[in-house]
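Q: Starting from these lines, generate the structure:
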Amino acid sequence: MGISIRAYGRHRGVSDTAVRKAIATGRITAEADGTINPARADAEWAASTRTRDPPLTAPSRPVRARAATAANVDDMASVAPVAGNGGGNTYAQARTANEVLKAQHHKLRIAQLKGELIDRSQAMAQVFALARAERDAWLNWPARISSMLAAELDVDPHVIHVALEREVRQHLTELAEFNARLD
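A: Numbers count the residues shown, from 1 in each chain. From the prediction side, this is the model:
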């Protein structure tokens, strides 16, 4: 008399369903009473079961791509860096890198929702609009101020206006040479 299917599953470290499948496919045989002789079943199991295949590896990637993956993984303190074994990454390493990228994406999305990040194109458009408004204000300033200065200095208003406009345009030309880099 042998042991039950569930007991044999515990003995092998597998589920009782796996034992039932092994009996159904003929990999192991059960006794006439439905119990299993553990010694004989272990021998049959070992003889009819394939050994586990080694983990699949991804095709070799360029060094720059592996370094980028390692850098992304290093950003997350709780994840070990991706190390190439034999020129490729295992499925687990690729999955880890994918999870790290997802976490970074979620982190950026949360920062955006909190208002900590802004859209680059919107910022560029706003800076451009601000600079244009500043330029227009400077170009209109000589017309506004020249008559008051002319009256105060007792000079021809047109001469003052032309002189102020010339100097403002020269100043704006000097300012236009500044190239702001936003990257």
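Q: would you list every one of the strands in the protein?
A: With strands called from DSSP state E, the chain shows none.
Q: how does it divide into domains?
A: 5-48, 63-113, 120-176 (automatic domain parsing).
Q: Any idea which residue is closest to the centre of the chain?
A: Central residue of the chain (Cα atoms, centre = their mean): residue 101, 3.5 Å from the mean position.
Q: Now do that residue against residue 169, distance only.
A: Residue 101 is 51 Å from residue 169, where distance means Cβ to Cβ, to the nearest Å. For every residue, glycine as well, the C-beta is placed using N, CA and C.
Q: next one: residue 113
A: Applying Cβ to Cβ to residue 113 and residue 169 gives a distance of 45 Å.
Q: okay, the two: which has more neighbours?
A: residue 169 (13 against 9; other Cβ atoms under 10 Å).
Q: list the contacts for the more buried one?
A: Residues near residue 169 by Cβ atoms under 8 Å, 6 or more residues apart in numbering: residue 139.
Q: likewise the one 3 residues further on?
A: For residue 172, the contacting residues are 135, 138-139, taking Cβ under 8 Å, 6+ apart as the criterion.
Q: just curious, which of those residues is nearest to residue 157?
A: Of all the contacts of residue 172, residue 157 sits closest to residue 139, with 17.6 Å by Cβ to Cβ.
Q: Count the residues that sit near that closest one.
A: 13.
Q: now do the one 3 residues further on
A: Other residues near residue 142 number 19, with proximity taken as other Cβ under 10 Å.
Q: and the residue of the chain most remote from its centre, what does it touch?
A: The C-alpha centroid of the chain is most remote from residue 154, which lies 67.7 Å away (Cα atoms, centre = their mean). By Cβ under 8 Å, 6+ apart, residue 154 lies in contact with nothing.
Q: what's the weakest-modelled helix or strand in the protein?
A: The weakest-scoring helix or strand in the chain, judged by mean pLDDT, DSSP states H and E, is helix 63-75 (a mean of 52).
Q: Can you give me the buried ones in stretch 132-149?
A: 142, 146 (16 or more other Cβ atoms under 10 Å).
Q: Can you read off the pLDDT for the residue nearest to the centre of the chain?
A: Residue 101 is assigned a predicted lDDT (pLDDT) of 95.
Q: Check the spacing between it and residue 93 real quick.
A: 13 Å.
Q: Let me know how buried residue 94 is, in neighbour terms.
A: 16.
Q: If you count contacts, what does the lengthiest helix in the chain end up packed against?
A: What stands out as the longest helix in the chain, according to DSSP state H, is helix 120-153. Helix 120-153 makes packing contacts with helix 157-176 when contacts are defined by 3 or more Cβ pairs under 8 Å, 6 or more residues apart in numbering; DSSP states H and E.
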